[in-house]
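K.L.:
compute the structure for the input listed below.
(one chain, ligands or ions: 2)
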Amino acid sequence: MQIQAAKVIVTSPGRNFVTLKIETDQGVHGIGDATLNGRELSVVSYLEDHVNPALIGKDPRRIEDIWQYLYRGAYWRRGPVTMRAIAAVDVALWDIKAKMAGMPLYQLRGGRSRDKVMVYGHANGSDIGETVEAVGEYIDLGYKAIRAQTGVPGIKDAYGVGRGKLHYEPADAELPSVTGWDTRKALDYVPKLFEKLRNTYGYDHHLLHDGHHRYTPQEAANLGKMLEPFQLFWLEDCTAAENQEAFKLVRQHTVTPLAVGEIFTTIWDCKDLIQNQLIDYIRATIVGAGGLTHLRRIADLAALYQVRTGCHGATDLSPVTMGTALHFDTWVPNFGIQEYMRHTEATDEVFPHDYSFADGYLHCGETPGHGVDIDEDLAAKYPYKPAYLPVARLEDGSMWNW
Ligand SMILES: O=C(O)C(=O)C[C@H](O)[C@H](O)CO
Ligand SMILES: [Mg+2]
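P.N.:
Ligands and ions are numbered 1, 2, ... in the order given. Just a heads-up that it's a prediction; the model follows:
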């Protein structure tokens, strides 16, 4: 069996997605997601110029060997561009293998560990009142877990505050737009949101919050401590995770559970936080961290330390990643939760898929493979549109973490 063709499809049904399609001499094809929000074309070039030519003629069943060939063979290791390209190849090959086996992907991983996958949705509003209302709408939709973000008086376009109710899309400008940040104001306002949420809806639902790398370790510890009475499911990216020693300070001061890892690209980024038990949930995901082959290693390491998974699932991860993540989530023993931001209808049409949402849970389908495909004719109707994530600046003009 041989790989006959590998092509990259760029489409923008509301936002940009990069998809790799691998075709075999047996008529079976597989697809993988290679989307890197705001830097999409760099992965297109990595695949078209440096990876795809080397795939032709290879045996698509040798997934592990091809993974190692692309990782070790590049010499230049890790990084978001390399690892997304590898992830796209890896997922397309697993799709092919599962289709050849006539099985849904989770069966090849070892079968079901659970019946359904608990997800969290994104509730946001321009102030506490609006966010409380948005959380209520998610509760009405059946969600068991909800991430709550609020605008903060005095901060221009605080992180996480979308324009629509169910869809949140920060990458919306041809050049990065400038948003603001002020830790003092956020530390005063955010705990009040969670107090109001618990007073309004009680403690039956899981609540989550994303600090989006903005607090210093001391400020993050302070926030975690102030949020303790409201029993969050997790506080995410409370401080930047380049210097992972910093998490010791956060951990010493708060028992609020911590989640990190949506920008991690390999097990090496996760290792110290996991082994030192400085986090409770690892957010690495299929497209970000080298595909199913590599994410499974991260999950197994995490299991040794009672760290659970919480795969990133924002809208910049295509339905291909969501479908594959759901097969992973259905199998992985140390599952925690799955993020689920709904894609737009146009995106769902371009990527027909068999997963479905009911009562706060996502269910992966039983179609052989990962259950997601791409309608190439429809995809061609939505050409690439440059779109960037915003940047953040403090009031005095200093650059800050977006
Ligand atoms: O979903 C989250 O937790 C995020 O932080 C979303 C990110 O801002 C988004 O994926 C960036 O492209
Ligand atoms: Mg996040």
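K.L.:
state the distance from the residue nearest in space to the middle of the chain to ligand 2.
P.N.:
Centre of the chain computed as the mean C-alpha position; nearest residue by C-alpha atoms, centre = their mean is residue 312, 2.1 Å away. Using C-beta to the ion, to the nearest Å, residue 312 is found at 7 Å from ligand 2. Just so you know, the C-beta spots here come from the backbone N, C-alpha and C atoms, and that holds for glycine as well.
K.L.:
please apply the same query to residue 348.
P.N.:
Computed as C-beta to the ion, the residue 348 to ligand 2 distance reads 22 Å.
K.L.:
you'd agree residue 123 is up against residue 140?
P.N.:
No: when contacts are counted by C-beta atoms under 8 Å, residue 123 is not listed as touching residue 140 (11.2 Å).
K.L.:
okay, these two: which has more neighbours?
P.N.:
Counted by other C-beta atoms under 10 Å, residue 123 and residue 140 do not tie: residue 123 has more neighbours, with 29 against 8.
K.L.:
list of residues touching stretch 328-335?
P.N.:
With C-beta atoms under 8 Å, 6 or more residues apart in numbering as the test, stretch 328-335 has contacts from 106, 109-114, 117, 286, 292, 295-296, 299, 302-303, 306-309, 311, 338, 362, 364.
K.L.:
buried residues, that stretch. List them.
P.N.:
328, 329, 330, 331, 332, 334, 335 (16 or more other C-beta atoms under 10 Å).
K.L.:
one more: stretch 304-317?
P.N.:
Buried residues in stretch 304-317 (16+ other C-beta under 10 Å): 305, 307, 308, 309, 310, 311, 312, 313, 314, 315, 316, 317.
K.L.:
now the residues you listed as JSON lines including secondary structure?
P.N.:
Formatted as JSON lines, these follow (DSSP: H, G, I helix; E, B strand; the rest coil):
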{"residue": "305", "secondary structure": "coil"}
{"residue": "307", "secondary structure": "coil"}
{"residue": "308", "secondary structure": "strand"}
{"residue": "309", "secondary structure": "strand"}
{"residue": "310", "secondary structure": "strand"}
{"residue": "311", "secondary structure": "strand"}
{"residue": "312", "secondary structure": "coil"}
{"residue": "313", "secondary structure": "coil"}
{"residue": "314", "secondary structure": "coil"}
{"residue": "315", "secondary structure": "coil"}
{"residue": "316", "secondary structure": "coil"}
{"residue": "317", "secondary structure": "coil"}
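K.L.:
OK, contacts around residue 104?
P.N.:
98, 327, 364, 365, 366, 367, 368, 369, 370, 371.
K.L.:
neighbours of the nearest residue to the third one once chain neighbours are set aside, how many?
P.N.:
Here the nearest residue to residue 364 in space, its sequence neighbours aside, is residue 326; by C-beta to C-beta, 6 or more residues apart in numbering that works out to 3.8 Å. Other residues near residue 326 number 32, with proximity taken as other C-beta under 10 Å.
K.L.:
just to be sure, residue 326 is in a strand?
P.N.:
No: counting by three-state DSSP, one finds residue 326 to be helix, located in no strand.
K.L.:
next up, the contacts around it.
P.N.:
117, 338, 355, 362, 363, 364.
K.L.:
run the last query once more with 7 Å
P.N.:
Counting by C-beta atoms under 7 Å, 6 or more residues apart in numbering, residue 326 touches 117, 355, 362, 364.
K.L.:
and for residue 114?
P.N.:
Contacts for residue 114 (C-beta under 7 Å, 6+ apart) come out as 330, 335.
K.L.:
tell me the first helix or strand C-terminal of the helix-or-strand element of the chain with minimal mean pLDDT.
P.N.:
Every helix and strand of the chain was ranked by mean pLDDT, DSSP states H and E. The lowest is strand 178-180, at a mean of 94. Next in sequence after strand 178-180, counting helices and strands by DSSP states H and E, comes helix 183-201.
K.L.:
what are the contacting residues of that next one?
P.N.:
Outside helix 183-201, the residues that reach it (C-beta under 7 Å, 6+ apart) are 128, 131-132, 135, 139, 148, 150, 152-155, 207, 209, 214-215, 219, 222-223, 226-227, 230.
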